[in-house]
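Peer 1: I would like the atomic coordinates for the input below:
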Amino acid sequence: MRTKTGPNGSADRHVKEIKRKTRRKFSAEEKIRIVLDGLRGESSISELCRREGIAESLYYNWSKDFMEAGKKRLSGDTARQATSSEVTDLKREAHDLKEVVAEQTLELRLDHEF
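Peer 2: Down below sits the predicted model:
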């Protein structure tokens, strides 16, 4: 049975609004800690969720996100980012090669003119 609290809405709406405003926010570090606790298997997932005050479905969503991020990161290892020193070395090498090509092009042009 729902109770009206005034002309603009119900008590249920006010309760939902209060819950929404007081909802606990978990940092990335907290989520990782909770998921790792679950993966260790020292206690059941339902016990872990009760202790942390979260729904099991939320734990499984975090766990799925955690695994996907790990999978994405590991597959990205084959295409790693170059370090700044590697970039500098490659730029220097490219510059040197361009100079060699320019010199050889100039020599070829001079040889064909005479």
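Peer 1: Next one: residue 57 from residue 95, what distance?
Peer 2: Per Cβ to Cβ, to the nearest Å, residue 57 is found 57 Å from residue 95. Just so you know, the C-beta spots here come from the backbone N, C-alpha and C atoms, and that holds for glycine as well.
Peer 1: Residue 39 and residue 63: what is the separation?
Peer 2: Residue 39 is 8 Å from residue 63, by Cβ to Cβ.
Peer 1: who's more crowded, those two?
Peer 2: residue 63 (17 against 12; other Cβ atoms under 10 Å).
Peer 1: any idea which helix or strand carries the most centrally placed residue in the chain?
Peer 2: Per Cα atoms, centre = their mean, the C-alpha nearest to the average position across the chain is that of residue 69, at 6.1 Å. Taking DSSP states H and E as the definition, residue 69 sits inside helix 56-75.
Peer 1: which secondary structure elements does that helix contact?
Peer 2: With contacts defined as 3 or more Cβ pairs under 8 Å, 6 or more residues apart in numbering; DSSP states H and E, the packing partners of helix 56-75 are helix 28-40, helix 45-52.
Peer 1: What lies in contact with the shortest one?
Peer 2: What it means is helix 45-52. For helix 45-52, the external contacting residues (Cβ atoms under 8 Å, 6 or more residues apart in numbering) are 34, 37-38, 43, 55-56, 58-60.
Peer 1: buried set for that helix?
Peer 2: Across helix 45-52, burial judged by 16 or more other Cβ atoms under 10 Å covers 48-49, 52.
Peer 1: tell me the angle of that helix relative to helix 28-40?
Peer 2: Put simply, helix 45-52 runs at 150 degrees to helix 28-40, going by axes from the mean of the first three to the mean of the last three Cα atoms, to 10 degrees.
Peer 1: Using PDB, list the CA coordinates for helix 45-52.
Peer 2: Only the C-alpha atoms of helix 45-52 are listed here, as PDB (Å, rounded to 0.1, in the frame of the first residue of the first chain):
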ATOM      1  CA  ILE A  45      31.000 -14.400  -2.200                       C
ATOM      2  CA  SER A  46      27.800 -14.000  -0.300                       C
ATOM      3  CA  GLU A  47      29.700 -13.700   3.000                       C
ATOM      4  CA  LEU A  48      32.100 -11.100   1.400                       C
ATOM      5  CA  CYS A  49      29.100  -9.100   0.000                       C
ATOM      6  CA  ARG A  50      27.400  -9.100   3.300                       C
ATOM      7  CA  ARG A  51      30.500  -7.900   5.100                       C
ATOM      8  CA  GLU A  52      31.100  -5.200   2.500                       C
END
